[in-house]
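*Asks:* I need the structure of the sequence given here:
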Amino acid sequence: MTGYRHAAGPARPAEDGKWEDPWRELRSRARDGRPESRREDPAGASAGTTAGPHGRQVAAVPRTTDTDGTPVPQRLLAAATRLFAEQGYDRTSVQEIVEAAGVTKGALYHYFGSKDDLLHEVYARVLRVQQERLDAFADAPEPVEKRVRDAAADVVVTTIENLDDASIFFRSMHHLSPEKNKQVRAERRRYHERFRALVEEGQRAGVFSTATPADLVVDYHFGSVHHLSTWYRPDGPLSPQQVADHLADLLLRALRP
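*Replies:* Modelled structure (predicted):
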């Protein structure tokens, strides 16, 4: 009976008192050409099959959340972030990530093509949030000086709130494939260009000095932001907002005529 996974046991009485034939289901499947089919879903649970059109057996829809409702990709990212922070990207294996997330390797490769993709997403998810917030500040009906200050402070706070992600990425960016590296640089460039456009708007309006090129001003501020992971400590004397206020004020002092 090759091709079938469960073996028949001894005949046993059914609830109605009649004897149940343990081979009946297997013989029925063989006659109908329906071999028992079970497969593992991306989250690690047995998905089995469901009836499709014309009675054909098709794979069940993969489970995408944990029993507590946490999406599997989120579990994988959380596990990867913790392990990358504790051990380093290059010393963390795919097996360690999936074990920490409580899923199988199939789950990781279903949602992420590789460990390289996980590293990229660790940083990209933070950058997406920062880009959305910058766009909102830039489009707000406020004076340009306030918009620049709000945006400058916000990127400091959101970086500190995701300090592990930022630290992991800048420490391990060289591990990215050339294609992913190029993609990240393009995403960061879009953010910096939107911020620079705000500074240039203020310069054209005469609110900010034109003595220092806008590009240099932007590099000055983001150099400070990118180095936060090397010195900021949550148990230190300054809160995220206090650090943000100090750096934003420094930026505005450098811009004022």
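
*Asks:* Now do the helices in the stretch 101-250 of the chain.
*Replies:* 105-111, 115-139, 144-161, 163-172, 178-204, 214-226, 228-231, 240-255 (DSSP state H, counting those that start in this stretch).

*Asks:* If you count neighbours, what's buried in the third one?
*Replies:* Using 16 or more other Cβ atoms under 10 Å as the burial criterion, the residues of helix 144-161 that qualify are 144-145, 147-160. (C-beta placed from N, C-alpha, C; glycine too.)

*Asks:* and these, which two are the farthest apart?
*Replies:* Val144 and Ile160 (25.2 Å; Cβ to Cβ).

*Asks:* Closest one of the buried residues of helix 144-161 to Ala107?
*Replies:* Thr158 (28.5 Å).

*Asks:* give me every residue that touches that closest one.
*Replies:* 126, 129-130, 133 (Cβ atoms under 8 Å, 6 or more residues apart in numbering).

*Asks:* cool, Asp249 as well?
*Replies:* By Cβ under 8 Å, 6+ apart, the contact list for Asp249 reads Arg149.

*Asks:* can you check Ile160 too?
*Replies:* 228, 232, 240, 243-244.

*Asks:* Tell me which two of the residues you listed sit farthest apart.
*Replies:* Spanning the widest gap among the contacts of Ile160 are Tyr232 and Ala244, at 10.9 Å by Cβ to Cβ.

*Asks:* So these two - more neighbours on which side?
*Replies:* Set Tyr232 next to Ala244 and count neighbours by other Cβ atoms under 10 Å: Ala244 wins out with 23 against 16.

*Asks:* looking at it, the more buried one is touching Ala153, isn't it?
*Replies:* Yes. Contact criterion Cβ atoms under 8 Å: Ala244 and Ala153 qualify, at 3.9 Å.

*Asks:* just checking, Val157 touches Gln242?
*Replies:* No. If you go by Cβ under 8 Å, Val157 and Gln242 don't touch, sitting 10.0 Å apart.

*Asks:* Pull up the overlap in contacts between the two.
*Replies:* Common neighbours of Val157 and Gln242 (Cβ under 8 Å, 6+ apart) do not exist.

*Asks:* Throw the contacts of Ile160 into TSV and include distance to Pro178 and pLDDT, thanks.
*Replies:* Listed next are the contacts of Ile160 as TSV, based on distance: Cβ to Cβ, whole Å; pLDDT from 0 to 100:
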residue	distance to Pro178	pLDDT
Leu228	27	93
Tyr232	31	93
Pro240	34	96
Val243	34	97
Ala244	34	97
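
*Asks:* Which of these sits closest to Phe195?
*Replies:* Ala244 (14.5 Å).

*Asks:* how about low-confidence regions in the stretch 51-200 of the chain?
*Replies:* When residues are selected by pLDDT under 70, those of the stretch 51-200 of the chain lie in 51-69.
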